[in-house]
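Generate a structure from the sequence data that follows.
(one chain, ligands or ions: 1)
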Amino acid sequence: MSIASSLDRATIERIVREIVYKQAPTAPKAPELVVSVSARHVHLTDEDVEILFGRGAVLNPEKPLYQDGFYAAAETVMVVGPRKRMLPTVRVLGPTRPFSQVELAFTDGISLGIDLPVRPSGKIDDTPGCVLVGPKGVVELKQGVIRAERHVHMNQADAARYGVKNGDRMALRIKSSCSTTFEDLLVRADATSKLEVHIDTDEGNAVDLDHATKVELIRQ
Ligand SMILES: [Zn+2]
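Reported below is the predicted structural model:
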């Protein structure tokens, strides 16, 4: 006779209620730390979208990103480096921005022959350029090709909980087959962001993020 059939229905219901009650949150829980690998991608201005994809073209959201309002678009472009070496299919992320920008990992930079500067997103003065090729046209970027500096998005409640503020630095400890602590993550705190670390593919692969057993942010 199975255990279940030896228990009467009332007993089973009581046990289930107890289990559910135990799991019910008693206080708002701190959000789970999400660590995302930001693969190579391009941000575009409205104007560059029209040059690359045709007059009147807009980005078509294909997959929402973890942060509300951001998405991977259906559109991709070819990124061409200085010696005509290229990455054929680089995803465009939306929404559009005031400046076009290309975010690559160092491995991509080596493939393209571009010595990538490490910059926070948006700080593109004196950075290398490249050529973007779309199905309908070509854009020459004078600057804007970077390796995005590792960073953590959070809202002000998260920042208060960690005891940090926008612009501070934190460490990210990852337990895996290749345990590593990344230092100097830039804190990007605002009113609405969800707690999420962005590292690039080189960093994610180096630390075997797919098989990580624990991720932890530490105040530096
Ligand atoms: Zn980010």
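
Point out where the protein drops to low pLDDT.
The chain contains residues with pLDDT under 70 at 1-6, 20-30.

quick one: the helices in it?
Along the chain, counting by DSSP state H, helices occupy 3-6, 9-23, 46-53, 106-112, 156-162, 201-206.

how's the chain carved up into domains?
Using automatic domain parsing, the domains assigned to the chain come out as 40-148, 150-219.

residues of stretch 130-149 that come out buried?
130-132, 134, 139, 141, 143-149 (16 or more other CB atoms under 10 Å). Yep, even glycine has a C-beta here, placed from its N, CA and C like the rest.

Stretch 189-208 now?
189, 193, 195-204, 207.

okay, the helices of the chain in TSV with distance to residue 169 next?
Shown next, in TSV, are the helices of the chain (distance: least, CB to CB, whole Å):
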stretch	distance to residue 169
helix 3-6	54
helix 9-23	36
helix 46-53	33
helix 106-112	20
helix 156-162	12
helix 201-206	16
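
Is there a neighbour count for the nearest residue to residue 201 once chain neighbours are set aside? I'd like the number.
Distances taken as CB to CB, 6 or more residues apart in numbering place residue 105 nearest to residue 201, at 4.7 Å, with adjacent residues excluded. Residue 105: 22 surrounding residues under other CB atoms under 10 Å.

Just to check, residue 92 is in contact with residue 79?
No: between residue 92 and residue 79 there is no contact under CB atoms under 8 Å: 10.9 Å.

residues bridging contact with those two, i.e. touching both?
residue 42 (CB atoms under 8 Å, 6 or more residues apart in numbering).

JSON lines please, covering the buried residues of stretch 189-208 and showing distance to residue 32.
Listed next are the buried residues of stretch 189-208 as JSON lines, based on distance: CB to CB, whole Å:
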{"residue": "189", "distance to residue 32": "18"}
{"residue": "193", "distance to residue 32": "15"}
{"residue": "195", "distance to residue 32": "8"}
{"residue": "196", "distance to residue 32": "10"}
{"residue": "197", "distance to residue 32": "12"}
{"residue": "198", "distance to residue 32": "16"}
{"residue": "199", "distance to residue 32": "17"}
{"residue": "200", "distance to residue 32": "22"}
{"residue": "201", "distance to residue 32": "22"}
{"residue": "202", "distance to residue 32": "24"}
{"residue": "203", "distance to residue 32": "20"}
{"residue": "204", "distance to residue 32": "18"}
{"residue": "207", "distance to residue 32": "18"}
